[in-house]
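S.K.: requesting a structural model of the entry that follows:
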Amino acid sequence: MSEEQMQIDLEFLTLDDYEELKEAMIEAYQTMPNSFWKEHHIQFLLEKFPRGQVVVKVNGKIAGCALSLVVDSSKFEEQHSYKEITGNYTFSTYEENGDVLYGIDVFIKPEFRGLRLGRRLYDYRKELCEQLNLRAIFLGGRIPNYHKYADRMTPKEYISNVRQKTLHDPVLNYQLSNDFHPVRVLKGYLEKDEASLEFAVLLRWDNIYYEKPKVEVVMTKSVVRIGIVQWQMRPYADMASLMQQVEYFIDALSGYRCDFALFPEFFNAPLMAKYNHLNEAEAIRKLAEYTPELVSEMSKLAISYNINIITGSMPEKVGDKLFNVGYLCKRNGEQERFEKIHVTPDEARVWAIQGGSAIRTFETDCGRIGILICYDVEFPELPRLLAEEGMDILFVPFLTDTQNGYSRVRHCAQARAIENECYVAIAGSVGNLPNVHNMDIQFAQSVVFTPCDFQFPSNGIKAEATPNTEMILIADVDMDLLTELHSAGAVRNLKDRRKDVFELRKVNDKKPQG
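M.R.: Predicted coordinates:
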């Protein structure tokens, strides 16, 4: 089964999952026979701390699991065993008012390894730690390759070599890549762990948002991290080299725990250089032949790097017609298609691209979003229709060759943020393509705009990139501030519309072309 056909979901574990969970553990721990939790253990965990027990499912089947407890760190000594931290495997060490999250178990079935599903489980633990205002996550990490070197180095020396990357340990390397830091060596940690010689490493991830508990619980704001790729137009030998650059940026944004990665309009245009001997209309249709593969590969990256990817836009043939379209590749494996409604005179004249008709918002795990391609943001009716559907963030991939064209996109996008009380992120390309007709020069400065009110920057700009420079732009946007604005803003652009005087509606609520 190909990755693009996978439906990835992170769900809370239930007792109904037990038999499937047991089989998954047996497959995951093939070198450690009978290493699976009994049903009464799982039942106790679910009764005491259901939020700490999650599974990642692929097409409805368990692919991995993470189990955890909240414990009081003052009640276990610096040196402790797995048996002690779990209360002799009864989980009686759970403390509702504890101060740390302790990782009891995490695994991925062998057939699903390599998809970075484990990162989702670790990201969930980190978010849970932040939500519960716990000061850290602790876990005892096995060192299964240590037995190969035990005759010539101590556990401390082995760990040092792994950190310096002169040795490889599959478990420890993975924990380190997830920002966990070694605290100390634990001797006699896990009984019968022959590969690790019963040694383990106490690992720690610190919650930088931790605050000492107060009498009243403070609700956590809902914050979404937007990542924008300001793409450099340059020659690429083939699709593989272009995708290598795409993955480089997605890896970087994922490393900063971004929720979205936004690419520009027609960022794959360099692939047309191969067809520069053809006229422009024929060349763009050749570029359209890459679209299915490009979407498939970016959907795989969305799954692997646990990030929602907005693919910018690309040409797509539907029958004998050509459209400017893009895809929202969600990190759970779903794909959503969007179309450019208004094509520019140049697109129509040179490339014979036709305008689409679908105007809609998209539900994501970070709220409801809208996506409009370049010229579309210059028509205020479209974002207003999306705002009426509850849009929180508007994403605008664009392509402009001159500062004049860029200014039109920028100023209109900023106006849309104010009048629709939403965040607007725009992403463009920079650089030159001398060997691609109709794509010679680019001008861009990617920006994240906000409404203009007291809760936001006074100039309505959350973050902006350096003009005409290849880079990534990252900005956190607070959804709760929009809620406050809608109800108690200095002005209320959405609520104060005179619907008794005018109205706005869709003529046809069609599905996307194709």
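
S.K.: show me where the stretch 101-250 of the chain has its helices.
M.R.: Per DSSP state H, counting those that start in this stretch, the stretch 101-250 of the chain carries helices over the ranges 117-131, 155-163, 170-177, 239-255.

S.K.: gap between the residue of the chain positioned farthest from its centre and Glu194?
M.R.: In the chain, the residue that sits farthest from the middle, by CA atoms, centre = their mean, is Asp151; the gap is 43.2 Å. When CB to CB, to the nearest Å is the yardstick, Asp151 and Glu194 sit 15 Å from each other. (C-beta placed from N, C-alpha, C; glycine too.)

S.K.: Gln79 too?
M.R.: Here Gln79 is placed at a distance of 21 Å from Glu194 (CB to CB).

S.K.: tally of neighbours for the closest residue to Trp37 other than its chain neighbours?
M.R.: Among residues not flanking Trp37 along the chain, Met25 sits closest, at 7.0 Å (CB to CB, 6 or more residues apart in numbering). The local packing count at Met25 equals 19, with neighbours defined by other CB atoms under 10 Å.

S.K.: going on from the helix or strand hosting Met25, what's the next piece of helix or strand?
M.R.: Taking DSSP states H and E as the criterion, Met25 maps to helix 18-28. Following the chain from helix 18-28 toward its C-terminal end, the next helix or strand by DSSP H and E is helix 39-48.

S.K.: in that next one, which of the residues would be classed as buried?
M.R.: Of the residues in helix 39-48, those buried by neighbour count under the rule 16 or more other CB atoms under 10 Å are 41-42, 44-46, 48.

S.K.: the residue nearest the centre of the chain: what's it in contact with?
M.R.: For the chain, the residue lying nearest the average C-alpha position, counting by CA atoms, centre = their mean, turns out to be Ile307 (1.9 Å). Contact analysis of Ile307 by CB atoms under 8 Å, 6 or more residues apart in numbering lists 227, 250, 253-254, 258-261, 301, 331.

S.K.: and Ile441, by the same measure?
M.R.: When contacts are counted by CB under 8 Å, 6+ apart, Ile441 touches 401-402, 432.

S.K.: Gly64 pairs with what?
M.R.: The residues listed as beta-bridge partners of Gly64 by DSSP bridges are Val56, Ile108.

S.K.: if I look at it, what pLDDT would I see?
M.R.: Confidence at Gly64, expressed as pLDDT, is 95.

S.K.: can you check the one 3 residues further on too?
M.R.: Looking at Leu67, its pLDDT is 96.

S.K.: so it sits in a helix?
M.R.: No - residue state for Leu67 (DSSP: H, G, I helix; E, B strand; the rest coil) corresponds to strand; a helix is not indicated.

S.K.: neighbours around it, how many?
M.R.: Applying other CB under 10 Å, we find 25 other residues in the vicinity of Leu67.

S.K.: any idea how far it is from Leu139?
M.R.: When distances are taken as CB to CB, Leu67 and Leu139 turn out to be 11 Å apart.

S.K.: where do the strands of the stretch 151-300 of the chain begin and end?
M.R.: 181-186, 200-206, 223-233, 260-262 (DSSP state E, counting those that start in this stretch).

S.K.: in the second one, what's buried?
M.R.: Okay, so that is strand 200-206. If you call a residue buried by 16+ other CB under 10 Å, then strand 200-206 has these buried ones: 200-205.

S.K.: tell me which of those is nearest to Asp169?
M.R.: Sorting the buried residues of strand 200-206 by how near they are to Asp169, with CB to CB, puts Val201 at the top with 9.3 Å.

S.K.: check contacts around Pro170.
M.R.: Neighbours of Pro170 in contact, by CB under 8 Å, 6+ apart: 144-145.

S.K.: what's the pLDDT at it?
M.R.: Residue-level confidence at Pro170 comes out at 88, pLDDT.

S.K.: cool, and the one 3 residues further on?
M.R.: According to the prediction, Asn173 has pLDDT 91.

S.K.: could you do the one 5 residues further on as well?
M.R.: At Asn178, the pLDDT value in this model is 89.

S.K.: which residue is the nearest non-sequential neighbour of it?
M.R.: With CB to CB, 6+ apart as the measure, Tyr122 is the residue that lies nearest to Asn178, at 4.7 Å, once sequence neighbours are left out.

S.K.: surely that neighbour touches Leu176?
M.R.: No - using CB atoms under 8 Å, Tyr122 makes no contact with Leu176, being 11.8 Å away.

S.K.: so where do the helices sit in the stretch 401-514 of the chain?
M.R.: With DSSP H, counting those that start in this stretch as the criterion, the stretch 401-514 of the chain has helices spanning 403-419, 479-488.

S.K.: tell me the most buried of those?
M.R.: Across these, averaging neighbours per residue (mean count of other CB atoms under 10 Å) puts helix 403-419 on top, at a mean of 19.

S.K.: run a quick neighbour tally on Tyr210.
M.R.: Number of residues near Tyr210 (other CB under 10 Å) recorded here: 16.

S.K.: for the closest residue to it other than its chain neighbours, give me its contacts.
M.R.: With CB to CB, 6+ apart as the criterion, Tyr210 has its nearest non-adjacent residue at 4.4 Å, and that residue is Arg135. For Arg135, the contact set (CB under 8 Å, 6+ apart) comprises 99-100, 206-207, 210.

S.K.: and which of the residues you listed is nearest Ser446?
M.R.: Looking at the contacts of Arg135 and their distance to Ser446, the nearest is Asn207, at 30.6 Å (CB to CB).

S.K.: need the contact partners of the helix holding Met25.
M.R.: Surrounding helix 18-28, the residues in contact under the criterion CB under 8 Å, 6+ apart are 13, 35-37, 39, 42, 55, 61-65, 107-111.

S.K.: between Tyr122 and Leu176, point out the one with more neighbours.
M.R.: Tyr122 (23 against 19).

S.K.: contacts only, for the more buried one.
M.R.: Contacts of Tyr122 were listed using CB under 8 Å, 6+ apart, and they are 66, 106, 178.

S.K.: considering these, which possesses the most neighbours?
M.R.: The most crowded member of the contacts of Tyr122, judged by other CB under 10 Å, is Ala66 (24 neighbours).

S.K.: surely that one meets Arg125?
M.R.: Yes - distance between Ala66 and Arg125: 6.3 Å, which falls inside the contact criterion (CB under 8 Å).

S.K.: quick check: neighbours shared by those two?
M.R.: Counting by CB under 8 Å, 6+ apart, the residues touching both Ala66 and Arg125 are Gly103.
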